[in-house]
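J.: pasting the sequence and the predicted coordinates here, then a few questions.
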Amino acid sequence: MLSGSSSKLNRTTHAPLVGLSLLAAIAISLLLISANGDLTAGLCLLVMTTSIAAAALTLLCLTEFGRPIAFVSLIYMIFFYLIPGMIHVVRGEFPFFAMSYPESTIVGGALMVLLFILAAMAGYCFYASRHKRLDALPIGRSGPRLAEISPLSVLLLLPLFALAYKGAESFQILRGDASLLQIEATPIDLILTAVARTGTFVCFAVPLATLGRNPSSAKLLFLIVAAPLFVLANNPLSTPRYVIAAYLLATVLCIFSFSRRVRFGLLAGFVVSQVTLFPILSELSRGDIRNYLSGGPITYLARHGDFDGFQSTLNVYEMVQGAGIFQGRQLISAVLFFVPREFMPWKSIGTGGDAATFVGYKFINVSAPLPSELYVDFGYIGLLLLSFVIGMIAARWDKMYIEAILARDLLSRLRIALICGFAFIVLRGSLIGVIGPVICSLLIVRLARFLFGWFESIPRRSSRRLKRGPAPKVSRRASV
């Protein structure tokens with residue numbers, strides 16, 4: 001536990017390291033720029049944003065309590081968004097259609113990201129400063145007991161229905177083949193797919209995480225049944241990489257404590273996987289790995305569509321300059337993802353797709369990072385306000401994760417772990433294409449919690465009925 005004095009000591013000890021990481025990020029960025037191009041205003045803003053984010057990530061790696069939501073969000077912003085964006089601007093080479101952008105557009109996009117980072121950090125710190133200190137959180141057990149497998153057996157019926165309704169073969173179609181066949185998923189398809197994937201994951205992850213503490217032959221047998229179903233519904237070559245990454249990260253956060261060692265291990269794993277595992281899976285799912293083998297990591301970061309985030313941000317900026325602010329249309333479309341388009345003809349195809357159409361792309365399956373999602377609907381003012389709120393929500397989720405660990409509440413921990421796992425794709429966007437699976441996944445965890453609580457309450461209800469005994473018989477005299 002942290003006491004007040006130890007917290008102050010940790011902050012004092014970490015301050016030089018955070019400052020050193022800030023200077024190192026600035027120095028590395030300037031060296032990269034000086035070796036390949038000129039230091040423009042847009043690049044200055046990107047360097048400033050990357051340096052601030054790197055300093056914050058260093059602090060999160062060193063603190064006593066891990067904060068997974070902020071930690072993973074900063075990893076995405078730095079290594080999957082800002083650094084590739086700087087490489088694109090420096091080289092004058094963007095992933096799609098060899099497009100180029102004027103300096104005014106680059107400055108507008110870079111300012112958008114800087115304001116998002118600063119406002120989100122301000123909201124995070126504001127929430128953390130007005131709520132309980134982490135060392136004052138209660139310790140105890142508040143979650144349901146997870147020794148029984150009956151609730152999971154009932155829960156497993158839901159993904160089994162989804163697998164049977166859609167057909168197990170539909171979960172084995174390679175993503176590249178799905179693109180060639182132009183398979184368009186309806187909202188019902190997306191919901192059933194999410195139910196099958198997350199339902200089997202929960203039925204696999206819960207017994208896996210508790211087997212070491214509460215081993216039983218029934219739990220082991222259920223795990224043996226659930227594992228192949230999980231693999232069937234989540235074929236790595238057919239399932240989007242963000243889903244696989246979300247499940248892997250959620251499993252790590254549920255089994256291991258989020259210690260400094262785990263944090264540094266995850267950071268190294270993300271950085272290495274960024275240019276190895278993820279691109280290999282991407283090319284394998286499309287049937288050919290030669291594109292990855294033909295170039296190096298820098299070439300991959302500079303040219304591959306996986307890192308189109310900053311280019312998409314620039315497209316959104318140009319769309320707003322040309323067509324104006326969308327006044328909430330994109331966000332409403334994302335929230336109402338389950339409504340068929342025929343009932344909402346004005347429904348967006350996604351911010352990334354709308355911007356791609358505006359600038360003349362030949363396809364629309366592109367990203368729209370969260371800063372651009374906020375900007376396209378509400379401009380810079382809305383971007384600042386909503387980013388502040390998002391920072392507060394992230395701080396609340398991080399606090400809930402720590403509370404779940406202290407309370408030994410695995411299902412609450414799993415819920416936050418899944419949010420953390422899906423943070424990558426929510427930050428990458430477009431929201432309308434990813435919000436549905438995320439919400440469905442969280443609802444399945446909520447259902448699992450309800451089932452465990454209901455089964456746990458059965459003995460208590462039975463004992464209360466036994467204590468009360470049978471109802472007394474009331475004799476009735478015949479009326480005269």
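T.: Nice, I can see it.
J.: how many residues are close by residue 56?
T.: Neighbours of residue 56 under the rule other CB atoms under 10 Å: 23. (Each C-beta comes from the backbone N, C-alpha and C, glycine too.)
J.: same thing with residue 261?
T.: 10.
J.: show me what the helix or strand hosting it is packed against.
T.: If you go by DSSP states H and E, residue 261 is part of helix 260-274. Other helices and strands packing on helix 260-274, by 3 or more CB pairs under 8 Å, 6 or more residues apart in numbering; DSSP states H and E, are helix 41-62, helix 68-75, helix 241-255.
J.: list the buried residues in that helix.
T.: Neighbour counts using 16 or more other CB atoms under 10 Å place 262-263, 266-267, 270, 273-274 of helix 260-274 among the buried residues.
J.: show me the contact partners of that helix.
T.: Contacts to helix 260-274, defined as CB atoms under 8 Å, 6 or more residues apart in numbering, come from residues 57, 60-62, 66, 71, 75, 79-80, 249, 252, 256.
J.: just the buried members of these?
T.: Buried members of the contacts of helix 260-274, counted by 16+ other CB under 10 Å: 57, 60-62, 66, 71, 75, 79-80, 249, 252.
J.: including pLDDT and distance to residue 352, could these go into a markdown table?
T.: Converted to a markdown table, the buried ones among the contacts of helix 260-274 look like this (pLDDT from 0 to 100; distance: CB to CB, whole Å):
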| residue | pLDDT | distance to residue 352 |
| --- | --- | --- |
| 57 | 90 | 26 |
| 60 | 88 | 28 |
| 61 | 86 | 31 |
| 62 | 84 | 35 |
| 66 | 82 | 31 |
| 71 | 92 | 25 |
| 75 | 92 | 21 |
| 79 | 88 | 20 |
| 80 | 87 | 15 |
| 249 | 87 | 23 |
| 252 | 87 | 29 |
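J.: re earlier: out of the helices and strands packed on helix 260-274, deepest packed?
T.: When the helices and strands packed on helix 260-274 are scored by mean count of other CB atoms under 10 Å, the highest mean neighbour count falls to helix 68-75 (a mean of 25).
J.: counting by contacts, list what the next helix or strand after it packs against.
T.: Using DSSP H and E, the next helix or strand after helix 68-75 towards the C-terminus is helix 83-91. Under the contact definition 3+ CB pairs under 8 Å, 6+ apart, helix 83-91 sits against helix 4-36, helix 41-62, helix 297-303, helix 309-323.
J.: worst average pLDDT in the ones you listed?
T.: Lowest mean pLDDT of the helices and strands packed on helix 83-91: helix 4-36, a mean of 51.
J.: pLDDT weak spots in this protein?
T.: Within the chain, the ranges that satisfy pLDDT under 70 run 1-39, 132-148, 175-185, 277, 279-302, 458-480.
J.: thinking again about what came up before, closest to residue 440 out of the contacts of helix 260-274?
T.: Among those, residue 249 lies closest to residue 440 (CB to CB), at 17.9 Å.
J.: what sits against that closest one?
T.: Contact analysis of residue 249 by CB under 8 Å, 6+ apart lists 72, 266, 417, 420-421.
J.: between these, which is nearest residue 195?
T.: Nearest to residue 195 out of the contacts of residue 249 is residue 421 (CB to CB; 16.9 Å).
J.: ok, the closest residue to the closest one other than its chain neighbours to residue 253 distance?
T.: Leaving aside its sequence neighbours, residue 421 sits nearest to residue 246 (CB to CB, 6 or more residues apart in numbering; 3.0 Å). Distance from residue 246 to residue 253, counting by CB to CB, to the nearest Å: 11 Å.
J.: equivalent analysis for residue 108, please.
T.: From residue 108 to residue 253 the distance is 36 Å (CB to CB).
J.: pretty sure residue 168 contacts residue 232?
T.: Yes: assessed by CB atoms under 8 Å, residue 168 is found in contact with residue 232 at 6.0 Å.
J.: looking at these two, which is more packed in?
T.: Per other CB under 10 Å, whichever of residue 168 and residue 232 has more neighbours is residue 232, with 15 against 12.
J.: hmm, back to that, need the residues touching each of residue 246 and residue 253.
T.: Taking CB under 8 Å, 6+ apart as the contact rule, residue 246 and residue 253 both touch residue 421.
J.: could you pull up the residues touching the nearest residue to residue 420 once chain neighbours are set aside?
T.: Spatial nearest neighbour of residue 420, excluding adjacent residues (CB to CB, 6+ apart): residue 68 at 4.4 Å. Listed by CB under 8 Å, 6+ apart, the contact set of residue 68 reads 253, 258, 398, 401, 416-417, 420.
J.: which of these fall in helices?
T.: Counting by DSSP state H, the part of the contacts of residue 68 found in helices is 253, 398, 401, 416-417, 420.
J.: what helix or strand does residue 97 sit in?
T.: Assigned by DSSP H and E, residue 97 falls within no helix or strand.
J.: over to residue 432?
T.: In this structure, residue 432 sits in helix 431-468 according to DSSP H and E.
J.: in that helix, what's buried?
T.: Neighbour-count burial for helix 431-468 flags 431-442, 444-445, 447-449, 451-452, 455 (criterion: 16+ other CB under 10 Å).
J.: and what of stretch 355-372?
T.: Buried residues in stretch 355-372, defined by neighbour count with 16+ other CB under 10 Å: 355-356, 359, 361, 366-372.
J.: between the residues you listed, which is nearest residue 380?
T.: Taking CB to CB as the measure, residue 380 sits nearest to residue 371 out of the buried residues of stretch 355-372, at 10.4 Å.
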